[in-house]
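A.B. asks: whatever this is, show me its structure:
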Amino acid sequence: MFSSISVLSFILTLISLATAIRHPATPLSWDVFHAPELPSNAVLVGAPVNIETSHALADWVSGIIGQKTLTHIYITHGHGDHFFGIPVLQQRFPGVIAVATERTIAHAAEQLSCAEFVEFWSATFPDQIRTQKETIQPLPHNGKFYLEDDLLQAVEVGQSDTYNTTILHVHSLEFVITGDAVYGECFQYLVETNSAELRAKWIRAVDKIESLKPKIVVPSHKQVWDGFGTDNFEKTRQYIKDWETLLEVATSAEDLKEKITALYPQRVGD
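C.D. replies: I've put the predicted structure just below:
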């Protein structure tokens, strides 16, 4: 099943924002998928939100790749918890290039231009958000780049828990890193998907990813014990459908929260 490719992907063990604030000692974990013999280069998907975690990730990556070269950091979408750590990682890995689709770069720029957005993150992680620079490079319009001879494909899937979402497809591994389009056992973020129409678009985004027929599915938001199976597709869709149903009968926001928590007691986050 594996080619010569090596894909490094990090997954914050979720660590919702609320968990990070209330329980700062919550451990983080990352997962690596690779062939028995690593090639000369590696690619990282995503960058953590804060300075401390970015250094922890850099230490982990260094231990995995040794003297090999980290060539790219791929950013799936414009939420800050997926790209704020880029300056730290570029400091730790000189020459590494952060890449994304043009729409993702525009999304990140919009987030950074919003004072409310910046103030939220700065208040949540005081003195832990590195000053951002315009360092994300656009991929070609076809979304393709390479890890040595192996093709990596950015696939635009549209609306998920935000707009202009992408995933990374590694066809030779039958492998997708889904960004925020597919969730593990964490409460799905629906603030930016706040209408029936947008929620239907999220379901269609999941369908599109599933149509690629991957065998390994990596969500961004997951718990330590979550697997990487295709069952994550249906779990993500069903949560949205259940939210839609409960929204019709809930008497208040607090009632909706209680109902969804009762239906999904194993999920974490706020």
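A.B. asks: flag every buried residue along the host helix or strand of residue 201.
C.D. replies: For residue 201, the enclosing helix or strand under DSSP states H and E is helix 196-210. Neighbour-count burial for helix 196-210 flags 198, 199, 201, 202, 203, 205, 206, 209, 210 (criterion: 16 or more other Cβ atoms under 10 Å). Where C-beta positions appear, they are placed from N, C-alpha and C, glycine not excepted.
A.B. asks: dump that helix to PDB, restricted to CA.
C.D. replies: Extracted in PDB, the C-alpha atoms of helix 196-210 (Å, rounded to 0.1, in the frame of the first residue of the first chain):
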ATOM      1  CA  ALA A 196     -29.200  24.800   6.800                       C
ATOM      2  CA  GLU A 197     -27.700  25.700   3.400                       C
ATOM      3  CA  LEU A 198     -24.200  26.000   4.700                       C
ATOM      4  CA  ARG A 199     -24.500  22.800   6.700                       C
ATOM      5  CA  ALA A 200     -25.700  21.000   3.500                       C
ATOM      6  CA  LYS A 201     -22.600  22.300   1.800                       C
ATOM      7  CA  TRP A 202     -20.500  20.800   4.500                       C
ATOM      8  CA  ILE A 203     -22.100  17.400   4.000                       C
ATOM      9  CA  ARG A 204     -21.400  17.700   0.300                       C
ATOM     10  CA  ALA A 205     -17.800  18.500   1.000                       C
ATOM     11  CA  VAL A 206     -17.500  15.300   3.000                       C
ATOM     12  CA  ASP A 207     -19.100  13.400   0.100                       C
ATOM     13  CA  LYS A 208     -16.500  14.900  -2.300                       C
ATOM     14  CA  ILE A 209     -13.600  13.800  -0.100                       C
ATOM     15  CA  GLU A 210     -15.100  10.300   0.300                       C
END
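A.B. asks: and the angle for the strand ranked longest in the chain with helix 196-210?
C.D. replies: Longest strand of the chain, by residue count under DSSP state E: strand 150-158. Compare the direction of strand 150-158 with that of helix 196-210 by axes from the mean of the first three to the mean of the last three Cα atoms, to 10 degrees and you get 160 degrees.
A.B. asks: residue 76 reaches residue 167, doesn't it?
C.D. replies: Yes - if you go by Cβ atoms under 8 Å, residue 76 and residue 167 touch, sitting 6.4 Å apart.
A.B. asks: between the two, who's got more neighbours?
C.D. replies: Shown here are residue 76 and residue 167; by other Cβ atoms under 10 Å, residue 167 has more neighbours (29 against 26).
A.B. asks: can you find the helix or strand of the protein with the lowest average pLDDT?
C.D. replies: When each helix and strand of the chain is scored by mean pLDDT, DSSP states H and E, helix 17-22 comes last, with a mean of 37.
A.B. asks: looking at this, residue 48 is in a strand?
C.D. replies: No - using DSSP: H, G, I helix; E, B strand; the rest coil, the assignment for residue 48 is coil, not a strand.
A.B. asks: isn't it right up against residue 58?
C.D. replies: No - taking Cβ under 8 Å as the definition, residue 48 is not a contact partner of residue 58, at 9.6 Å.
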